[in-house]
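*Asks:* show me how the following folds:
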Amino acid sequence: MDDLPPILNISIRLKVQPNEGPVFFKVDGTRFGQTRTIKLLTGSKYKIEVVLRPGKAEATSMNIGGVVFPLELHTQQEADEEQGSQAVYHGQYDTEGVPHTKSGDRQPVQVSIEFPSAGQFETVWQVKYYNYYKREHCQFGNKFSDVEYECKPNETRTLMWINKEVFN
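*Replies:* Residues are numbered from 1 along each chain as shown. Down below sits the predicted model:
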């Protein structure tokens, strides 16, 4: 894994468990710090899938809002002409104990992924945590399959710079 490319593409997918249901986001415009708010449910588990292209860096753990969980290698695909190499990691994010967000508010949530050979990926998501018993509010808006990041490891390979973020 020493032949680290100059650019890494990181895709993060979230699916609510147990049925791998969709996660939604809301377009808030400029009312808050960011234009998009990810809607999550308290007291729930989310399957996290991290896809790396090319698949030359190892991801070991992820932190969402202070909840740290391991990332386990699920599949690794060698380079082909169409997609190049990729590595897929799985983890589980549990929102048990996370307080719901007050009406009209949004929370900046620190998100990071540890890459021992490439540095730490860090970003901030704007999130609204909905009360588990008011889940209907969490189930409308724009479905998204993933958030993609184009990243460049810094020279000392301690941190990654984000060139681009796209909600798909």
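*Asks:* G43 touches Y130, doesn't it?
*Replies:* No. Counting by C-beta atoms under 8 Å, G43 sits too far from Y130 to count as a contact (10.1 Å). In short, each C-beta sits where N, CA and C put it, glycine included.
*Asks:* three-state assignment of A59?
*Replies:* coil (DSSP: H, G, I helix; E, B strand; the rest coil).
*Asks:* if you could redo that for K134, that was the one I meant.
*Replies:* Per three-state DSSP, K134 ends up helix.
*Asks:* then N9?
*Replies:* strand.
*Asks:* who has more neighbours out of G43 and Y130?
*Replies:* When neighbours are counted by other C-beta atoms under 10 Å, Y130 comes out ahead of the other of G43 and Y130, with 20 against 15.
*Asks:* wait, that one touches I38, no?
*Replies:* No. Using C-beta under 8 Å as the test, Y130 is too far from I38 to be in contact (11.0 Å).
*Asks:* quick check: buried residues in the longest strand along the chain?
*Replies:* The longest strand of the chain (DSSP state E) is strand 119-130. Judged by neighbour count using 16 or more other C-beta atoms under 10 Å, the buried positions of strand 119-130 are G119, Q120, F121, T123, W125, Q126, V127, K128, Y129, Y130.
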